[in-house]
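>>> here is my input, please return the structure:
(one chain, ligands or ions: 1)
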Amino acid sequence: MKKIAVIGFGAASIGYVNELKNKNFELHIFERSKDIISSSLSGIRSDGKIFISSEMGGKLDLNLDIQRNIVDFYLDKSEVPEDKIEHGFSFQSKKEGYYKDFYMKGFQPVNSEFYHIGTDYLKNVMKNIYDDLSNRSNVIFHFNSKIINVEAVNDEVKITHVNKENKEFNDIFDKAVIGVGRSGHKLVQNIKKRHPKISLSSNSVDLGIRFELPNHIVDDLNREMYEFKVKMETKTGYNVRTFCNNPSGYVTLERYNENEFVTVNGHSKVRSKTDNTNFAILVTHTFTEPFNDPIGYGTHIAKLSNILAGGKKVTLQKYSDFKNERRTKQIGRVTPTLPSENYILGDLNLVFPSKTKESIIHFLEILNEVVPGVTAPDNLLYGVEVKFYSNMLDNSYFKNIKFIGDCSGWSRSITYATGHGILEARKETE
Ligand SMILES: Cc1cc2nc3c(=O)[nH]c(=O)nc-3n(C[C@H](O)[C@H](O)[C@H](O)COP(=O)(O)OP(=O)(O)OC[C@H]3O[C@@H](n4cnc5c(N)ncnc54)[C@H](O)[C@@H]3O)c2cc1C
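Just a heads-up that it's a prediction; the model follows:
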């Protein structure tokens, strides 16, 4: 029986393993976390908005039928009661509602359909998937196993992993499938250093803020589409977009590289609601030669924000203070949903390059023309939010080592990461 090492257990590996679980393969899953629930924070463990879209989510050719099957799979595992499933469209119609309002102000509205599972019900998803897989004799989970190296050796693959005590082990497999997501970029970096030709392109990093404002300002928008996705080229020439809207949601910290630095993110729950909505405003920074380290750039800025905040914290600032380059000393009418031990009141002008700052302000000011109240002086900015996009990797480079999901650079969402795993698994049986 062919022995396959599946490295990391997130959305991509779920797609891969689920597709092969009934076939004649021995699947060894190596996950660095101690169990199925407490793995690195990602959409499959926090928030869980599952999209169907050909306009966003990844660069793969993933047809809408596969996308719908993926959504059904996760909804089924979530056990969210049917009447509780939040479902909607971003800009379903070009004729009605907000589409024209955004369009006329220069935004590009992005069309997608989504289902929201919620952080609370995602636990069922992971547990039900785990229960199904771990009951099979051909699927073996290895928790507390952090993979530090993957190497092709003749026609086989050697993987090196460490346990909790940092003891090192080597194992040989017929094949390794790497699905370590964005949080596992160190492993991918290691492999890329030894095989630079595997990278198809030097890419970008998205840097920005998490914006939080009272629900009543965006009620109409949230009612029409829950998740509004728009992008625009701002006066700096940088592209800016909204991302991950959370009506009645929570702002949260995202920890990178085993708590080396923290950034900000947002999510929402089905059973517990707040009075605020949050969404990200992300500025795409694309680099050209000789610079080719967008991950390094984003990491440095995120670390700078932590240093200024005095530890593993983010900076919180009122919009008017950000615009007027003044440190925030007191919050206004909007109560932050991020616990106070996770932020300091400060000045994001000390963190962002001026082009990034100008892009965020320009975007928000025009957004305010479509949704009045967005630039109220005491609305809140948390910084920084970062989206690292791995360079796209050439999966034909190695015969027996394949990269799936976000670490491959081909996906940026649950649907596309899962789909990538499914497509890669199907090649195994073709
Ligand atoms: C906070 C947050 C919220 C998000 N919300 C959404 C959303 O609502 N909807 C959406 O579509 N997308 C969302 N995303 C993006 C989405 O989560 C990812 O696109 C998707 O999960 C990628 O799947 P993946 O399998 O590639 O990686 P992941 O799901 O991140 O899984 C990677 C796994 O690999 C493990 N791992 C990492 N390194 C190693 C190593 N060296 N050895 C062993 N194991 C390792 C990690 O612990 C993790 O379990 C969100 C992302 C974040 C961070």
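>>> any bit of the least confident helix or strand in the chain by mean pLDDT sitting next to the ligand?
In the chain, no helix or strand scores lower on mean pLDDT, DSSP states H and E than strand 86-90, which sits at a mean of 86. No. Judged by C-beta under 6 Å from any ligand atom, strand 86-90 stays clear of the ligand, getting no closer than 11.5 Å. Just so you know, the C-beta spots here come from the backbone N, C-alpha and C atoms, and that holds for glycine as well.
>>> check stretch 223-240 too.
No. Residues of stretch 223-240 contacting the ligand under C-beta under 6 Å from any ligand atom: none, with a closest distance of 9.0 Å.
>>> which of the helices or strands spans the closest residue to residue 257 other than its chain neighbours?
Among residues not flanking residue 257 along the chain, residue 186 sits closest, at 6.8 Å (C-beta to C-beta, 6 or more residues apart in numbering). According to DSSP states H and E, residue 186 maps onto helix 185-194.
>>> what average pLDDT does that helix get?
Summarised as a single mean, pLDDT over helix 185-194 is 91.
>>> burial of the residue of the chain at minimum distance from the ligand, as a residue count?
Across the chain, the shortest distance to the ligand (C-beta to the nearest ligand atom) belongs to residue 10, at 1.8 Å. Neighbour count of residue 10, defined by other C-beta atoms under 10 Å: 29.
>>> any stretches of this protein with poor pLDDT?
39-41, 201-202, 390 (pLDDT under 70).
>>> pop the domain breakdown of it in here.
What automatic domain parsing lists as the domains of the chain is 2-88+114-200+391-429, 204-388.
>>> the ligand contacts on the stretch 251-400 of the chain?
Counting by C-beta under 6 Å from any ligand atom, the stretch 251-400 of the chain sits next to the ligand at 254, 265.
>>> mind listing the strands for the stretch 251-400 of the chain?
Counting by DSSP state E, counting those that start in this stretch, the stretch 251-400 of the chain has strands at residues 261-267, 276-286, 314-318, 343-345, 380-388.
>>> got those strands as a markdown table, with distance to residue 212 and mean neighbour count columns?
Formatted as a markdown table, the strands of the stretch 251-400 of the chain follow (distance: least, C-beta to C-beta, whole Å; neighbours: other C-beta atoms under 10 Å):
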| stretch | distance to residue 212 | mean neighbour count |
| --- | --- | --- |
| strand 261-267 | 8 | 25 |
| strand 276-286 | 4 | 22 |
| strand 314-318 | 9 | 26 |
| strand 343-345 | 11 | 18 |
| strand 380-388 | 4 | 26 |
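>>> just put those in TSV and tack on distance to residue 143.
Supplementary listing: the strands of the stretch 251-400 of the chain in TSV, determined by distance: least, C-beta to C-beta, whole Å:
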stretch	distance to residue 143
strand 261-267	24
strand 276-286	31
strand 314-318	30
strand 343-345	32
strand 380-388	25
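>>> residues contacting residue 409?
Contacts for residue 409 (C-beta atoms under 8 Å, 6 or more residues apart in numbering) come out as 59, 200, 203, 389-393.
>>> mind doing that once more with 7 Å?
Applying C-beta atoms under 7 Å, 6 or more residues apart in numbering, one finds that residue 409 lies in contact with 203, 389-393.
>>> isn't residue 209 up against residue 382?
Yes. With contact defined as C-beta atoms under 7 Å, residue 209 reaches residue 382; the gap is 6.1 Å.
>>> can you spell out which helices and strands pack onto the helix holding residue 186?
Where contact means 3 or more C-beta pairs under 7 Å, 6 or more residues apart in numbering; DSSP states H and E, helix 185-194 is packed against strand 146-153.
>>> do the strand it packs on and the ligand meet?
Yes. Contact of strand 146-153 with the ligand (C-beta under 6 Å from any ligand atom) involves 146-147.
>>> hang on, the earlier thing: gap between the residue nearest to residue 257 and residue 295?
To residue 295, residue 186 is 10 Å away according to C-beta to C-beta, to the nearest Å.
>>> so for these two, which sits in the more crowded spot?
Using other C-beta under 10 Å, the more surrounded residue of residue 186 and residue 295 is residue 295, with 20 against 14.
>>> in space, what's closest to that one - neighbours in sequence excluded?
Nearest to residue 295 is residue 388, by C-beta to C-beta, 6+ apart, at 5.2 Å.
>>> again with residue 332
Nearest to residue 332 is residue 378, by C-beta to C-beta, 6+ apart, at 2.7 Å.
>>> can you give me the distance of residue 279 to residue 46?
In terms of C-beta to C-beta, residue 279 sits 15 Å off from residue 46.
>>> show me what contacts the nearest residue to residue 109 once chain neighbours are set aside?
Spatial nearest neighbour of residue 109, chain neighbours left out: residue 91 (4.1 Å); criterion: C-beta to C-beta, 6+ apart. When contacts are counted by C-beta under 7 Å, 6+ apart, residue 91 touches 99, 109-111, 225.
>>> which SS state does residue 205 fall under?
Under DSSP: H, G, I helix; E, B strand; the rest coil, residue 205 falls in the strand class.
>>> phi, psi of the nearest residue to residue 168 once chain neighbours are set aside?
Using C-beta to C-beta, 6+ apart and skipping residues adjacent in sequence, the residue nearest residue 168 is residue 162, 5.3 Å away. Backbone torsions of residue 162, given as degrees, to the nearest 10, read phi -120, psi 150.
>>> count the residues that sit near residue 162.
Residues near residue 162, counting by other C-beta under 10 Å: 16.
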